[in-house]
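Engineer: Sequence first, then the predicted structure, then my questions.
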Amino acid sequence: MHPAHIQASNLSKSFQVRGKERSLRSLLLPKTIKKVAVNEVNFSISAGELVGFIGPNGAGKTTTLKMLSGLLYPSAGSVRVLGFEPFTRPHAFLKQITLVMGQKQQLWWELPVYDTFLLNKEIYDIPPDVFQKTISEFVELFDVRDEIHQPPRNLSLGQRMKCELMAALLHKPKVLFLDEPTIGLDIVMQQHLRDFVARYNQQYDATIILTSHYMDDVKRLCKRIIIINHGVIVYDGSVHELTRKYVKHKVLFLTFLTPIPQETLTQYGIVDSYEPLAVKLRVESLTVKQVAAALLKKLPVADITIQELDLEAVVRDIYLQKT
Amino acid sequence: MVRFLRFIHLALRRGLYVRSRSVVYFMMSIFVPTLLCMYWVFVLRDNPNLASQFKVEQIVSYYVVIVTLSALLVSHMKEWIMREEIQQGGLSRMLLKPYSYYAFNALFHELPYRIVQGGYGAIIVGCLSLFFPHLFTFSDSLPLIGLAIFSSVLGFFICHNIEQMLGFLAFWLYDLRLIHNAYDTIFILLGGVNMPLYLFPDFLERVAFLTPLPYIIYVPALLFTGQAHSDAVSGYIATQIMWLMVTSILYRIVWHAGIKAFTAAGN
């Protein structure tokens, strides 16, 4: 078992938000409301783990990442990353982490991308030979030989995102906080980035926390996911366990030889979509075998397929359950 | 040291990338001083009494040096820190870098612009003094020129500290334009940008010297043009050092308080 790289204990963060009251009194003595963004969160992440950190908008994902990276100090609880208290931001700590925010860039707009790399080389004090080797590796990996000599304003969003990642990883951080790294990218580019993240994780045994609204990112990259909603962790475990624990239904896709009335089908389960000859039926997992057998016996079924609910639907249900 | 030089090299490269923008900024900055210089030249030509106290070449040299030193030493960070760094959250990326924010701003944000714009000023001074030598009078004492350079460095850092602190007010306040515009106006008036402070009434001149503003470009300009009384030079430098220390201490206080507020609220 690897040692824990990230340890959060009862980690909380609340903000004081100004009230909406409109009066002269509120102008002079503004009323503030305490808004809890993250509430007593506990988790531990081992070295080399790649964890998906997901939740709906405003759930507390980015706030948690910011506390882990040292951009926010917690209101309560404790957090340790690589043995450091992140919010003290010692250089020894900053040299070992990176935070990539899909919606914020670190590349200098007017400079060729390579100059930003050179700048990061000086900031992180990377030896010239290591720098050259890393650049060659990344150029190969990302296929951006020509692009790195262009300023970011001349690059597409996908090319820019690749260069952003390169800039963020030049110093070979041990811990990566990736906040929506695939946002706005097309599916091909999303796949490239996922491949890269997976390879980086394997090659450097890096600990990675990834937040994303794209379930594909999480499904393809992470064995473990943490789901946060309203600042509270509602699930922490493997993707497989999540579907096992939360999926109470399976989906039957049925094709009939002759039209079947919808009322007849409701006896067997919940009709998610209905066309006279094609039906999507949700059935409790425990009874799916019996229901399928009954359908085949009693109705003119041309074809039947049984599927698990996909991860996206599971997560959506969890988000809805807790709201 | 090598790392520092490599940083400077990168900053200079950045300066070359922004050279066109720098031309525009520089051209904008010379317009008003040129008009004022012409005004004073005509005033001296038409007022023999005044001309006996002040020489045309003294005034012309002053304005040319002031324009160059404005371009070379006057930092313009406050708007950028307010908008890009604090309000739009760009500061987050710098807080996660193992490098001093102060040094990064000085080296990578200011230096390129200052060197390029100051370079334009130096070229203009060089050309004008070559073709119209009778219009200029500069200090010909090497020690004084050395002190003028030292004084310029001090002036740059005093200005850099003040500008950053004005930007940091965005940690607590949203719209700082009023404060920034007020500062710019006061700096133009008391910093010797529009006219030499020795042309001010005594009272106003004394008031100006109670602030750090004349120590940014006015004092270096007096030293470069040889208009500083020799017995006042050491006092000027000592006061500059004092202001640098005061603004540096204030900078640290404001920065730490601001970062505390920023990392409490995030962006």
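Structural biologist: Sure thing, it's come through.

Engineer: Which parts of chain A are strands?
Structural biologist: Residue ranges of the strands in chain A, as given by DSSP state E, are A:4-18, A:32-46, A:50-54, A:76-81, A:97-101, A:175-179, A:207-211, A:224-229, A:232-238, A:249-256, A:270-275, A:278-284, A:301-308.

Engineer: how near is the closest residue to chain B within chain A to B:Thr239?
Structural biologist: The nearest approach of chain A to chain B comes at A:His91, 3.7 Å away (CB to the nearest CB). Placement of C-beta: from N, CA and C, glycine included. For A:His91, the distance to B:Thr239 equals 35 Å [CB to CB, to the nearest Å].

Engineer: So the two - more neighbours on which side?
Structural biologist: Shown here are A:His91 and B:Thr239; by other CB atoms under 10 Å in any protein chain shown, B:Thr239 has more neighbours (17 against 13).

Engineer: Make a markdown table from the strands of chain A and add mean pLDDT, distance to chain B and mean neighbour count to it.
Structural biologist: Formatted as a markdown table, the strands of chain A follow (pLDDT from 0 to 100; distance: least, CB to the nearest CB, whole Å; neighbours: other CB atoms under 10 Å in any protein chain shown):
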| stretch | mean pLDDT | distance to chain B | mean neighbour count |
| --- | --- | --- | --- |
| strand A:4-18 | 86 | 6 | 18 |
| strand A:32-46 | 88 | 9 | 16 |
| strand A:50-54 | 91 | 17 | 25 |
| strand A:76-81 | 93 | 12 | 17 |
| strand A:97-101 | 89 | 6 | 25 |
| strand A:175-179 | 91 | 9 | 24 |
| strand A:207-211 | 92 | 15 | 25 |
| strand A:224-229 | 90 | 16 | 23 |
| strand A:232-238 | 89 | 19 | 17 |
| strand A:249-256 | 88 | 39 | 19 |
| strand A:270-275 | 88 | 41 | 12 |
| strand A:278-284 | 89 | 41 | 18 |
| strand A:301-308 | 87 | 38 | 13 |
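
Engineer: What is the longest helix of chain B by residue count?
Structural biologist: Criterion DSSP state H: the longest helix present in chain B is helix B:233-265.

Engineer: quick one, that helix and strand A:4-18 angle?
Structural biologist: 100 degrees (axes from the mean of the first three to the mean of the last three CA atoms, to 10 degrees).

Engineer: chain center to helix B:233-265: distance?
Structural biologist: The chain centre lies 16 Å from the centre of helix B:233-265; the measure is CA atoms, centre = their mean, to the nearest Å.

Engineer: tell me which residues in it are buried?
Structural biologist: Using 16 or more other CB atoms under 10 Å in any protein chain shown as the burial criterion, the residues of helix B:233-265 that qualify are B:233, B:236-237, B:239-240, B:243-244, B:247, B:251, B:254-255, B:258-259, B:262-263.

Engineer: Please identify the residue of chain B positioned nearest to chain A.
Structural biologist: Using CB to the nearest CB, the closest approach of chain B to chain A is made by B:Pro98 at 3.7 Å.

Engineer: Looking at that residue now. What's its pLDDT?
Structural biologist: Per-residue pLDDT puts B:Pro98 at 91.

Engineer: Contacts only, for the residue most central in space within chain B.
Structural biologist: In chain B, the centroid-proximal residue (CA atoms, centre = their mean) is B:Val74; its distance is 2.4 Å. Residues near B:Val74 by CB atoms under 8 Å, 6 or more residues apart in numbering or on different chains: B:Cys159, B:Ile216, B:Ile217.

Engineer: quick one: which helix or strand includes the first one?
Structural biologist: In other words, B:Cys159. helix B:142-168 (DSSP states H and E).

Engineer: Counting by contacts, list what that helix packs against.
Structural biologist: If you count contacts as 3 or more CB pairs under 8 Å, 6 or more residues apart in numbering or on different chains; DSSP states H and E, helix B:142-168 packs onto helix B:56-73, helix B:78-80, helix B:177-190, helix B:218-225, helix B:233-265.

Engineer: hey, C-alpha coordinates of the first one in PDB?
Structural biologist: Output of helix B:56-73 as PDB, limited to C-alpha atoms (Å, rounded to 0.1, in the frame of the first residue of the first chain):
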ATOM      1  CA  VAL B  56      15.700  77.600 -22.200                       C
ATOM      2  CA  GLU B  57      18.100  74.700 -22.400                       C
ATOM      3  CA  GLN B  58      17.500  74.000 -18.700                       C
ATOM      4  CA  ILE B  59      13.800  73.700 -19.300                       C
ATOM      5  CA  VAL B  60      14.100  71.700 -22.500                       C
ATOM      6  CA  SER B  61      16.600  69.300 -21.000                       C
ATOM      7  CA  TYR B  62      14.300  68.900 -18.000                       C
ATOM      8  CA  TYR B  63      11.300  67.900 -20.100                       C
ATOM      9  CA  VAL B  64      13.300  65.600 -22.400                       C
ATOM     10  CA  VAL B  65      14.700  63.800 -19.400                       C
ATOM     11  CA  ILE B  66      11.400  63.700 -17.600                       C
ATOM     12  CA  VAL B  67       9.800  62.000 -20.600                       C
ATOM     13  CA  THR B  68      12.600  59.500 -20.800                       C
ATOM     14  CA  LEU B  69      12.500  58.800 -17.000                       C
ATOM     15  CA  SER B  70       8.700  58.500 -17.000                       C
ATOM     16  CA  ALA B  71       9.000  55.800 -19.700                       C
ATOM     17  CA  LEU B  72      11.900  54.100 -17.900                       C
ATOM     18  CA  LEU B  73      10.800  54.300 -14.300                       C
END
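
Engineer: quick one: average confidence on that helix?
Structural biologist: Mean per-residue pLDDT for helix B:56-73: 90.

Engineer: and the angle from it to helix B:218-225?
Structural biologist: If you take the same axes, to 10 degrees, helix B:56-73 sits at 130 degrees to helix B:218-225.

Engineer: what about the residue nearest to A:Leu141 when sequence neighbours are not counted, neighbour count?
Structural biologist: Nearest residue to A:Leu141, sequence neighbours excluded (CB to CB, 6 or more residues apart in numbering or on different chains): A:Phe196, at 6.0 Å. A:Phe196: 18 surrounding residues under other CB under 10 Å.

Engineer: Quick check: A:Phe196 vs A:Leu169, distance?
Structural biologist: A:Phe196 is 9 Å from A:Leu169, by CB to CB.

Engineer: again, but for B:Ala208
Structural biologist: Counting by CB to CB, the gap from B:Ala208 to A:Leu169 is 52 Å.

Engineer: would you turn the strands of chain A into TSV with distance to B:Arg14?
Structural biologist: What follows is the strands of chain A, written out as TSV (distance: least, CB to CB, whole Å):
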stretch	distance to B:Arg14
strand A:4-18	36
strand A:32-46	37
strand A:50-54	36
strand A:76-81	32
strand A:97-101	23
strand A:175-179	28
strand A:207-211	32
strand A:224-229	40
strand A:232-238	44
strand A:249-256	57
strand A:270-275	58
strand A:278-284	58
strand A:301-308	54
